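In: pasting the sequence and the predicted model now:
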Amino acid sequence: MKKQKTLYELQAEICKVLASPKRIEILNVLKDGEKTVSELVEILGVPKANVSQHLAIMRHKGVLKTRRKGVNIYYSISHAKIIEACTLMREVLNEQLKEKSKYIELVSG
C-alpha cells in the first residue's frame with residue numbers, strides 16, 4: 001500500500017508540473033522535436049528567463065531531458081507517453097465542450 005501511495009504522490013507532482021498552460025504549450029512545441037531555449041523563446045514569444053524557468057521545472061521533474069551540443073542545450077520530451085497523456089486529456093476536454101455546447105443549444109433553442 002505504501003508503494004501505491006508513493007506512486008500517487010509522484011503522479012500528483014507530474015500533474016502539478018503540467019498544470020501550467022505555458023508548460024503545456026512548451027510540450028506542444030517540443031512534440032515536433034528538440035529545441036534550444038532561444039528557439040523556444042522565438043516560437044513562444046516569451047522572455048528567455050520565463051522559458052528557462054519552465055524548462056528547469058519540467059527537467060527537474062523528469063518531463064524533459066537535455067542534450068548538450070557545443071554551447072547549445074537541446075530540450076526534448078523525456079517519454080512519448082507524456083504527449084499521449086496530454087493529447088488524451090485534450091480529447092476529453094473537446095468532448096466535454098461539445099456536450100456543453102449541445103446542451104446550451106438545446107436549452108436556449
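Out: Great, that's in hand.

In: what's the spacing between the residue most central in space within the chain and residue 82?
Out: Centroid-nearest residue in the chain: residue 24, 3.1 Å away (criterion: CA atoms, centre = their mean). Residue 24 sits 11 Å away from residue 82, taking CB to CB, to the nearest Å as the criterion. The C-beta positions use only the backbone N, C-alpha and C, and glycine is treated the same way.

In: how about residue 103?
Out: Taken as CB to CB, the span from residue 103 to residue 82 is 32 Å.

In: quick one: which of those two has more around it?
Out: The neighbour comparison of residue 103 against residue 82 (other CB atoms under 10 Å) goes to residue 82, with 20 against 10.

In: pop out the phi and psi values for the more buried one.
Out: Residue 82 has phi and psi values of phi -60, psi -40 when expressed as degrees, to the nearest 10.

In: my guess is it contacts residue 61. True?
Out: No. Applying CB atoms under 8 Å, one finds residue 82 not in contact with residue 61, separated by 10.7 Å.

In: ok, residue 87 to residue 59 distance?
Out: 21 Å.

In: higher neighbour count, these two?
Out: Taking other CB under 10 Å, residue 87 and residue 59 do not tie; residue 59 has more neighbours (15 against 12).

In: tell me who's in contact with residue 32.
Out: For residue 32, the contact set (CB atoms under 8 Å, 6 or more residues apart in numbering) is empty.
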